[in-house]
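# sequence first, predicted model second:
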Amino acid sequence: MSDMNRRSMPLFSIGIVKSLTALTARQIRYYEDNGLIFPARTEGNQRLFSFNDVDRLLEIKELIDKGINLAGIKQMLPTREKPAADTLETPIEPEISDKALRQMLRQELMDTGRLGKASLRQGELSRFFH
């Protein structure tokens, strides 16, 4: 995975972003409403922010602290289009059910134990299947 993709991954809830940026939730939502940031949304409509979103919010905060108003910030910062919702969650492969996935992982764990080879994921999987 490239560094650009990692920085764009939505990871942080608004509570964590508040701590990282010292902005209020209201300020963060205001910047979103004005098209300065575009956090991803979960199925439950919770905002998830990426490292790039946090950097952008810190830039905005710095410009506000210098006395630049929102209109000036919109002109200064490069504008980004809102990403299309379908491009964020386009599955590469057909989805499988949770039950089928658990069965596949359990089978992989059991097969690698019998053959004497350790899977790269075996250490991660073993904590789920006792």
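Looks like it came in fine.
# got any ranges where the chain has weak pLDDT?
1, 79-95, 109-130 (pLDDT under 70).
# which stretches in it count as strands?
With strands called from DSSP state E, the chain shows them at 40-41, 47-48.
# and the last one, what does it pack against?
In this structure, strand 47-48 makes packing contacts with strand 40-41, judged by 3 or more CB pairs under 8 Å, 6 or more residues apart in numbering; DSSP states H and E. All C-beta spots, glycine's among them, are computed from the backbone N, C-alpha and C.
# partner strands of the strand it packs on, with direction?
strand 47-48 (antiparallel) (DSSP bridges).
# quick one: residues in contact with the partner strand.
Residues outside strand 47-48 that contact it (CB atoms under 8 Å, 6 or more residues apart in numbering): 10-14, 28, 32, 39-42.
# in a markdown table: these, plus neighbour count and distance to Leu48.
Formatted as a markdown table, these follow (neighbours: other CB atoms under 10 Å; distance: CB to CB, whole Å):
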| residue | neighbour count | distance to Leu48 |
| --- | --- | --- |
| Pro10 | 18 | 4 |
| Leu11 | 16 | 7 |
| Phe12 | 19 | 7 |
| Ser13 | 14 | 7 |
| Ile14 | 18 | 9 |
| Ile28 | 22 | 12 |
| Glu32 | 18 | 12 |
| Pro39 | 20 | 6 |
| Ala40 | 18 | 5 |
| Arg41 | 14 | 7 |
| Thr42 | 10 | 6 |
